[in-house]
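Q: the following block contains a protein sequence and its predicted model.
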Amino acid sequence: MASSSLVMERGVLYGVSAQTKSPIIIDPFDGSFDNYNLAVIAPSGSGKSYFTKLLALRHVVAGTEFLVVDPEDEYRAVAEAAGGLMVRLAASSPHRLNPLDLVAPEPTSPGAAADPLAHSIAVVLGRLELLLCAGAGPGGAPGVLDIYERAVLDEALVQTFDAAGITSDPATHQRPAPLLAHLHATLNRMDNDVAGRLAMRLRRHIPGAGSLGAGVFAGRTNVTLDQPFVVFHIRELPKELWPLAIHMISSHVWNTARRVRRQRLLVVDEAAMLLAHPSGGAFLADVARRARKYYLGLVTIWQKVGDLAGSEHGETILTNSDMKLLLKQSEEIIEAADARFRFTPAERRFLLGALKGEGLLSARGGRWPIKIEASPAEHRLATTNPRDLLDAASSASGPTDLVGSGCRRGA
């Protein structure tokens, strides 16, 4: 394990050395990194969400835009303290994300010059697979579209976009994208059984027709990313729609990053849910590979190394994360982590004996034993410890300040 200090001139505090207590200060956008991505791997209760909330506070203060996919409504207090925007995705919310929005390909992408619409439709097909095949596999596992369904959907999308005036001419891609209701109408007009079955599965997401017709995916995208700290709250969505929500949020951030390049970090919690779907995993892996070009860092959060190992897309995400943080590990999951990272005996003992908020940070070719520290003000915003929350509610505390004196261990 590396024992000397890790301090970058333009960085923020990630923690302190568990051995020397010296600060570990990192700038994820430093030129010494091959990419700006971070993979946080730790079981429940180890402090990974606490760490990520501290990261958000510190990076926003330092001028980095921070965007979070929040499945459990954990970031509300942090967002409110930092003057951030809470985007609540639910049937009763005014916010909408359109699954038929195009993702413009890079000019250097294979085939982009020949037919940019085909490239974009392939991305839309992946989203529709998440929408139409949730829970369709054995035992409720994610399903996939078969070759006939993909072919019919591809044809229906071409027709639907053409009706909206969107063709292979990139100049037409600035026109408003059609909606799921338009695709549903196209499928109903196609005279074959496969189209009829797809239309029936899509029906529940159509306004006035299905139970989810007034939902977040039924209208035109109206979420603007004009705040330095944006939290996407998805807990009120049906859990089967979480993978599509994560995909759509990531796509929206991805499009924004291409248009306006600023230092941004996108946090995807529960990333394993998206990785479980082949099309979702492919998209997230693609973002991990190419985010650096657009000044974007991808922070993915995982329960265990096994969520990534053995998966082509998971390995891609891990390989393209120049920083990795493994917090305390248990005997049940240490073997998979050891097989992937080849710990020294000392590193293995440290991870097995680590307290909450302690772990190994892999960065710049070294591994640093780290302890997550917070000021009292930061701790009040980041903690989910029931006793701390009860104490805070029962005490007459003054206004919260992001700058505090003294430190305490992550909880």
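A: It's in. Residues are numbered from 1 along each chain as shown.
Q: and the gap between Val87 and Glu80?
A: In this structure, Val87 and Glu80 are separated by 13 Å, where distance is defined by Cβ to Cβ, to the nearest Å. Every C-beta, even on glycine, is put in place using the N, C-alpha and C of the backbone.
Q: who has more neighbours out of these two?
A: Shown here are Val87 and Glu80; by other Cβ atoms under 10 Å, Val87 has more neighbours (24 against 14).
Q: what helix or strand is that one located in?
A: strand 85-88 (DSSP states H and E).
Q: counting by contacts, list what that strand packs against.
A: Strand 85-88 makes packing contacts with helix 76-81, strand 229-233 when contacts are defined by 3 or more Cβ pairs under 8 Å, 6 or more residues apart in numbering; DSSP states H and E.
Q: deepest-packed of those, please.
A: Counting by mean count of other Cβ atoms under 10 Å, strand 229-233 has the highest mean neighbour count of the helices and strands packed on strand 85-88, with a mean of 25.
Q: residues in contact with Arg262?
A: Contact analysis of Arg262 by Cβ atoms under 8 Å, 6 or more residues apart in numbering lists Glu65, Tyr295.
Q: again, only using 10 Å
A: Applying Cβ atoms under 10 Å, 6 or more residues apart in numbering, one finds that Arg262 lies in contact with Gly63, Thr64, Glu65, Pro228, Thr256, Tyr294, Tyr295, Leu296.
Q: can you pick the most crowded of these?
A: Tallying neighbours with other Cβ under 10 Å puts Leu296 at the head of those, with 26 neighbours.
Q: what is that one paired to in the beta sheet?
A: According to DSSP bridges, the partner residues bridging Leu296 are Arg264.
Q: could you measure from it over to Ala257?
A: Relative to Ala257, Leu296 is positioned 5 Å away (criterion: Cβ to Cβ).
Q: overlap of the contact sets of these two?
A: Common neighbours of Leu296 and Ala257, using Cβ under 10 Å, 6+ apart, are Glu65, Leu67, Arg264, Leu266, Val287, Arg290.
Q: between those, which is nearest Ala42?
A: Sorting the shared contacts of Leu296 and Ala257 by how near they are to Ala42, with Cβ to Cβ, puts Leu266 at the top with 19.1 Å.
Q: quick one: the helices in the chain, in order.
A: Counting by DSSP state H, residue ranges of the helices within the chain are 48-61, 76-81, 116-132, 147-163, 180-189, 193-202, 242-259, 271-275, 278-290, 312-319, 331-341, 345-353, 376-382, 386-394.
Q: now the third one: average pLDDT?
A: Across helix 116-132, pLDDT averages out at 90.
Q: how about the first one?
A: The average pLDDT for helix 48-61 rounds to 94.
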